[in-house]
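1. turn this into a model:
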Amino acid sequence: MTQPETIWYTRCPVPTTSGIAQHFRWLHQEYERTGIALESIRASEDKTVRLSHFDHTHPNMFREGGNIPPIWARGNGRDTVVVGITWVDEEQLILVRADSAIERVEQLRGTRLGLPLRAGEIVDVGRGENLRGLLSALEIGGVSRDEVTFIDLVGGEADLREQRSGERVHLGAEALLSGEVDAIYAKGAFSATLIEKHGFRPILDMNEQADPLKRVNAGTPRPITVDGKLAREYPQLVARYLAVLQKTAQWAKTHPEDVVRAIAAETGATEAAVRRGFGPHLHERFEVALSPLYIQGLRQQAEFLVREGFAEDFDFDSWIDPAPLALAGDLVDEVTLGAAEAPRSVAA
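-> Numbers count the residues shown, from 1 in each chain. Below is the predicted model:
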C-alpha cells in the first residue's frame, strides 16, 4: 500500500496537545520528514471539509477536542476509533449577574436557565455542553430539573473556520444581561472572559468537585479520534502523530509560559483569561492516555448524550483502539521538536 500524501487534522479552540503541537508546527515538521503533508480541516476554504470537524467524514483525519461531535459521529456510523484521550480540567461556572440575589446553586429553584439552541447544526454542541453543565450543577445543589425553567436561546450556525474574525459569541451572555434568564453555564477561558467583560459572578465552579467524574462534560475528557481505515492500514502513521503529542506534553511540563501563550492563541483569549480558566497547572495536563478513568469519563459522557437525545447508541468498547498509542511509546524518542519561538499564523 502507498502511504497517503496528505493527512488532515483538526482541533477545537480549547487547550489540546494537538493545538500546541500544530501551533509550533511540530506535527507538520514530523510528517514532512516522511514526505507527507499535514493540512488543517478548519483552515479549508471548502465548507464540506470544515464540517468534517463535526461529522468526521473527511478521509485520513485526526481530531482532538470536545467529545460531543465524535460521539455523535460514531453513533451515526462513522468509521472512527479513539486512539488517545486528554483531560485538561477547566473552570466550569454557573454565572449570574453581579446584582443577582442568587448566591448558591440551591437557590436556582424557580429560576430561568439559559440553554443555547443553534438551528441547522449537525450536532448542537453548545446545547449539549450547557445542558450537561446545568444539570450537573442542579444535582450538586439538590435541585431537580423540573424545579427550573430552561429558556431556549436561539442563535445561528457556528463556524470554526480558523480565519475567523471578531469575538466568540455566548448566546447566554446577552440574555443574562437583559434579565431574560437568571443563570448560565460557561467554562474555561471563555467564562473568564465573560466575567472580565460583563462582571458576571460565579455561584459554583464544578471544577472544584473532588470526584473527576462529576466534572465530566463536553471538554473533559477530550478524545483523539482518527479515521478507522487509516488506523487499520497505517498504524505507524497514527502512532507517529501520537508520539509527537507525547513529546509535546513532555515539553509543556517545563515551559508553562509558552503553553499559556500558545493556548491564548488557540482559544482567542487573553493570557490572563487562560490562567484563570485553566489554572496554574495547565502545562502539566497534556499527556495522552487511555487510562481507566479517562475511558470511564468518555463512556459516561456518551451515555449522557444518548440519554438526552444528542447521539445514537453504539458499541462503546469497540470504539477504543489502544494499539497506536502503544506503538507511539517506541517512537517518542525519535521525535525532535523544533524551535518554539516563532510559530506561524493560527490560520496556517
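
2. report the contact partners of the residue nearest the centre of the chain.
-> The residue lying closest to the centre of the chain (C-alpha atoms, centre = their mean) is residue 66, at 2.9 Å. Shown in contact with residue 66 (C-beta atoms under 8 Å, 6 or more residues apart in numbering): 12, 14, 125, 129, 218, 219, 222. Every residue, glycine included, has its C-beta placed from N, CA and C.

3. what values do phi and psi take at the fifth one?
-> Right, residue 218. Dihedral angles of residue 218 (phi, psi; degrees, to the nearest 10) stand at phi -60, psi -30.

4. residue 49: what's it in contact with?
-> Here residue 49 is in contact with 8, 41, 58 (C-beta under 8 Å, 6+ apart).

5. C-terminal to the strand or helix carrying it, what's the next element?
-> Using DSSP states H and E, the element containing residue 49 is helix 47-55. For helix 47-55, the succeeding helix or strand toward the C-terminus, using DSSP H and E, is strand 61-64.

6. okay, now the sheet partners of that following strand, with direction.
-> If you go by DSSP bridges, strand 61-64 pairs up with strand 6-11 (parallel), strand 222-227 (antiparallel).

7. can you list contacts of that strand?
-> In contact with strand 61-64 (C-beta under 8 Å, 6+ apart) are residues 7-12, 16-19, 41, 52-53, 56, 69-70, 86, 222-227, 230, 238, 241.

8. next helix or strand past that strand?
-> Criterion used, DSSP H and E; the element after strand 61-64 is helix 68-75.

9. chain center to that following helix, what's the gap?
-> 13 Å (C-alpha atoms, centre = their mean, to the nearest Å).

10. where does pLDDT dip in the stretch 51-200 of the chain?
-> Applying pLDDT under 70 to the stretch 51-200 of the chain flags the ranges 156-169.

11. can you give me the helices for it?
-> For the stretch 51-200 of the chain, helices defined by DSSP state H, counting those that start in this stretch occupy the ranges 68-75, 125-141, 171-178, 188-198.

12. packing partners for the longest one?
-> Right, helix 125-141. helix 68-75, strand 92-96, strand 112-118, strand 149-155, strand 184-187, strand 201-205, helix 292-307 (3 or more C-beta pairs under 8 Å, 6 or more residues apart in numbering; DSSP states H and E).

13. only the buried residues of it, if you could.
-> 125-138, 140-141 (16 or more other C-beta atoms under 10 Å).

14. then stretch 312-331?
-> 314, 316, 319, 320, 321, 324, 325, 327, 328, 331.

15. for stretch 302-311, same thing?
-> 302, 304, 305, 306, 310, 311.

16. next one: stretch 208-215
-> The neighbour-count check on stretch 208-215 (16+ other C-beta under 10 Å) flags 212, 215 as buried.

17. what of stretch 32-51?
-> Buried, per 16+ other C-beta under 10 Å, within stretch 32-51: 36, 38, 39, 40, 41, 42, 43, 44, 49, 50, 51.
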